[in-house]
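# need coordinates for the following:
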Amino acid sequence: MGPYFLGPDDSEFFQSFNANKHSMTIDLQKDEGQQLFHELVKTADAVSNNLRGDVPEKLGLDYNSLKSVNPKIVCAHLTAYGRTGSRSNWPGFDYLMQAEAGWFSVTGEPGTPPARFGLSVVDMMTGLAMAFGLVSAVVAARSSGTGRDMDVSLFDLALHNTNYLATWYLNEGVVTERLQRSAHPSLTPCQLYKTANGWIFIMCNKEKFWPILCQKLNRHDWVNDARFKLFKDRLQHRDTLQEMLDNELSKKSTEDWLNIFAGSVPASPINNIQEAMENPFVKERGAIHEFANPSKPNETFRMVAHPIRSGGDAPLRKPAPKLGADTERLLDELGLSKTRIKELQDLEIIELSPNFSATAFSLRACVTTTPLQWLK
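Numbers count the residues shown, from 1 in each chain. This next block holds a predicted model:
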């Protein structure tokens with residue numbers, strides 16, 4: 001997927017989602033492909049897929065199909081609308097989930113068309129939820145000796161993450177709507193405010209931050225003002241407080257205020273993507289990794305580092321593999337001879353070429369064989 005391509009079968013979009021992975025191709029629609037797949041399952045902790053309807057069962061990717069091969073195997077299924085119900089065969093994508101789960105109605109400014117999040121956050125959250133559920137199920141399987149099917153759907157994740165807005169409606173009948181300047185529906189000050197050169201987001205989500213903000217603004221008189229004493233008071237006078245804060249914050253630039261607040265008041269600048277990537281704090285955190293360009297080895301390729309730090313360090317990134325790039329190595333580790341690997345290639349059960357087209361072997365599953373080191 002474009003628009004920025006690294007080669008005929010590679011793009012920066014693909015690299016963003018597939019770095020640090022291995023790629024192996026097996027035709028699961030053929031008997032010998034199934035046999036080979038089962039040999040992998042014997043050594044695996046989990047199998048995952050994102051196929052809808054009854055396709056996982058047809059391809060033997062569910063627990064009922066694999067428990068005789070490996071009783072501890074965890075079979076994780078990611079779908080749009082779940083594996084059961086009237087929509088189990090429906091296609092579905094991130095923005096559709098945001099729209100139906102109510103996200104569009106609470107995103108953006110009042111009086112403007114409904115708006116989505118700027119990123120595919122439902123996709124990303126659902127992947128993380130599946131990973132968390134998969135690891136939890138693997139831990140349970142190691143203890144009990146029995147694996148299971150584990151389901152997660154885009155729709156369920158989108159609905160689940162309406163969180164307190166859903167609770168308010170279900171118990172109080174309150175339908176939360178969009179608020180001016182991305183304000184929090186129940187806490188204030190927690191929104192955008194004007195500065196001399198733009199905007200700043202201030203988020204005083206604990207009572208203790210309000211008097212500190214007043215001190216930093218040199219408005220000590222606000223601390224004991226009955227209109228602003230507590231959250232409930234400030235919420236009642238949100239519009240008045242917004243005007244007062246705009247007047248004070250407009251006296252200096254965003255950068256000046258951030259230096260004055262210096263972590264004592266929760267506040268952030270409003271960055272675009274360029275400003276976010278060039279933020280000095282990003283460099284301080286080592287949050288950008290460089291490696292050889294997968295299509296042009298003499299050039300560097302940069303990506304955001306992995307967010308999980310183990311022992312203080314983020315795992316190093318490596319480029320996403322070409323489809324089938326690791327097939328031969330993984331089969332060799334499984335104990336197959338080069339002769340047998342060549343036979344499987346000739347029978348079109350596997351494909352070894354790193355330039356192999358994805359269209360011929362589109363039915364694939366992810367087999368997790370890497371030890372879960374953080375669980376030990």
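# show me where the stretch 251-376 of the chain has its helices.
254-261, 273-277, 280-284, 327-334, 338-346 (DSSP state H, counting those that start in this stretch).
# turn these into JSON lines, including distance to Pro113.
Heads up, the C-betas are built off the backbone N, CA and C, glycines and all. Listed next are those as JSON lines, based on distance: least, C-beta to C-beta, whole Å:
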{"stretch": "helix 254-261", "distance to Pro113": "28"}
{"stretch": "helix 273-277", "distance to Pro113": "23"}
{"stretch": "helix 280-284", "distance to Pro113": "32"}
{"stretch": "helix 327-334", "distance to Pro113": "47"}
{"stretch": "helix 338-346", "distance to Pro113": "53"}
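# contacts only, for the closest residue to Ile270 other than its chain neighbours.
The shortest distance from Ile270 to any non-neighbouring residue, by C-beta to C-beta, 6 or more residues apart in numbering, is to Trp199 (4.6 Å). By C-beta atoms under 8 Å, 6 or more residues apart in numbering, the contact set of Trp199 is Leu192, Tyr193, Thr254, Pro269, Ile270.
# is it true that the fourth one touches Ile200?
Yes: A contact is recorded between Pro269 and Ile200 when judged using C-beta atoms under 8 Å, the distance being 6.5 Å.
# now for those two: what residues contact both?
Thr254, Leu258.
# from the chain's centre, how far out does the strand or helix carrying the residue nearest to Ile270 sit?
Assigned by DSSP states H and E, Trp199 belongs to strand 198-203. Computed by C-alpha atoms, centre = their mean, to the nearest Å, the chain-centroid distance of strand 198-203 equals 25 Å.
# in that strand, what's buried?
The neighbour-count check on strand 198-203 (16 or more other C-beta atoms under 10 Å) flags Ile200, Phe201, Ile202, Met203 as buried.
# most distant residue from the centre of the protein?
Computed with C-alpha atoms, centre = their mean, the residue of the chain farthest from its C-alpha average is Asp221, at 44.0 Å.
# model confidence score at that residue, please.
If you check Asp221, the pLDDT there is 97.
# next up, the contacts around it.
Applying C-beta under 8 Å, 6+ apart, no residues contact Asp221.
# try Leu235
Per C-beta under 8 Å, 6+ apart, neighbours of Leu235: Ser186, Leu187, Thr188.
# kindly export stretch 11-31 (C-alpha atoms) in CSV.
Output of stretch 11-31 as CSV, limited to C-alpha atoms (Å, rounded to 0.1, in the frame of the first residue of the first chain):
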residue,chain,number,x,y,z
SER,A,11,6.3,0.2,0.8
GLU,A,12,6.8,2.3,3.9
PHE,A,13,3.3,1.5,5.0
PHE,A,14,4.1,-2.2,4.9
GLN,A,15,7.4,-1.7,6.8
SER,A,16,5.5,0.3,9.5
PHE,A,17,3.4,-2.7,10.4
ASN,A,18,5.7,-5.7,9.6
ALA,A,19,9.1,-4.8,11.0
ASN,A,20,10.7,-7.4,13.2
LYS,A,21,8.7,-10.3,11.8
HIS,A,22,9.5,-13.5,10.0
SER,A,23,7.8,-14.6,6.8
MET,A,24,7.0,-18.2,5.8
THR,A,25,4.6,-19.4,3.1
ILE,A,26,2.6,-22.6,3.3
ASP,A,27,-0.4,-23.5,1.1
LEU,A,28,-2.9,-24.7,3.7
GLN,A,29,-5.4,-25.8,1.1
LYS,A,30,-3.2,-28.8,0.2
ASP,A,31,-2.8,-31.9,2.3
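# pLDDT of that stretch, averaged?
91.
# on that earlier part again, and the buried residues of strand 198-203, which is closest to Ala115?
Phe201 (17.4 Å; C-beta to C-beta).
# which residue packs closest to that closest one, ignoring adjacent ones?
Phe201's closest residue in space is Ser268 (C-beta to C-beta, 6+ apart), at 5.0 Å.
# same check, this time on Ser264
Taking C-beta to C-beta, 6+ apart, and ignoring the residues beside it in sequence, Ser264 has Ile212 as its nearest neighbour in space, at 5.4 Å.
# angle of the helix or strand harbouring that neighbour against helix 254-261?
Ile212 belongs to helix 209-216 when assigned by DSSP H and E. Using axes from the mean of the first three to the mean of the last three C-alpha atoms, to 10 degrees, the direction of helix 209-216 lies 110 degrees away from that of helix 254-261.
# angle of helix 209-216 against strand 198-203?
Going by the same axes, to 10 degrees, helix 209-216 makes 140 degrees with strand 198-203.
# show me the contacts for Phe209.
Val265, Pro266.
# domains for this structure, by residue range?
Per automatic domain parsing, the structural domains of the chain span 13-162+324-375, 181-270.
# now distance to Glu278 too, for those, in TSV please.
Listed next are those as TSV, based on distance: least, C-beta to C-beta, whole Å:
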stretch	distance to Glu278
domain 13-162+324-375	18
domain 181-270	12
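# longest helix in this structure, by residue count?
Looking across the chain with DSSP state H, the single longest helix is helix 121-144.
# let's see that helix as PDB, backbone CA atoms only.
Output of helix 121-144 as PDB, limited to C-alpha atoms (Å, rounded to 0.1, in the frame of the first residue of the first chain):
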ATOM      1  CA  VAL A 121      -6.400   3.300  16.500                       C
ATOM      2  CA  VAL A 122      -9.000   0.500  16.600                       C
ATOM      3  CA  ASP A 123      -6.800  -1.700  14.400                       C
ATOM      4  CA  MET A 124      -3.800  -1.000  16.700                       C
ATOM      5  CA  MET A 125      -5.700  -1.600  19.900                       C
ATOM      6  CA  THR A 126      -7.300  -4.800  18.700                       C
ATOM      7  CA  GLY A 127      -3.900  -6.200  17.700                       C
ATOM      8  CA  LEU A 128      -2.600  -5.300  21.200                       C
ATOM      9  CA  ALA A 129      -5.600  -6.800  22.800                       C
ATOM     10  CA  MET A 130      -5.100 -10.000  20.900                       C
ATOM     11  CA  ALA A 131      -1.400 -10.100  21.800                       C
ATOM     12  CA  PHE A 132      -2.300  -9.700  25.500                       C
ATOM     13  CA  GLY A 133      -5.000 -12.300  25.400                       C
ATOM     14  CA  LEU A 134      -2.700 -14.700  23.500                       C
ATOM     15  CA  VAL A 135       0.100 -14.400  26.000                       C
ATOM     16  CA  SER A 136      -2.300 -14.800  28.900                       C
ATOM     17  CA  ALA A 137      -3.800 -17.900  27.300                       C
ATOM     18  CA  VAL A 138      -0.300 -19.300  26.700                       C
ATOM     19  CA  VAL A 139       0.500 -18.900  30.400                       C
ATOM     20  CA  ALA A 140      -2.700 -20.700  31.300                       C
ATOM     21  CA  ALA A 141      -2.000 -23.500  28.800                       C
ATOM     22  CA  ARG A 142       1.500 -24.000  30.200                       C
ATOM     23  CA  SER A 143      -0.100 -24.400  33.700                       C
ATOM     24  CA  SER A 144      -3.100 -26.500  32.800                       C
END
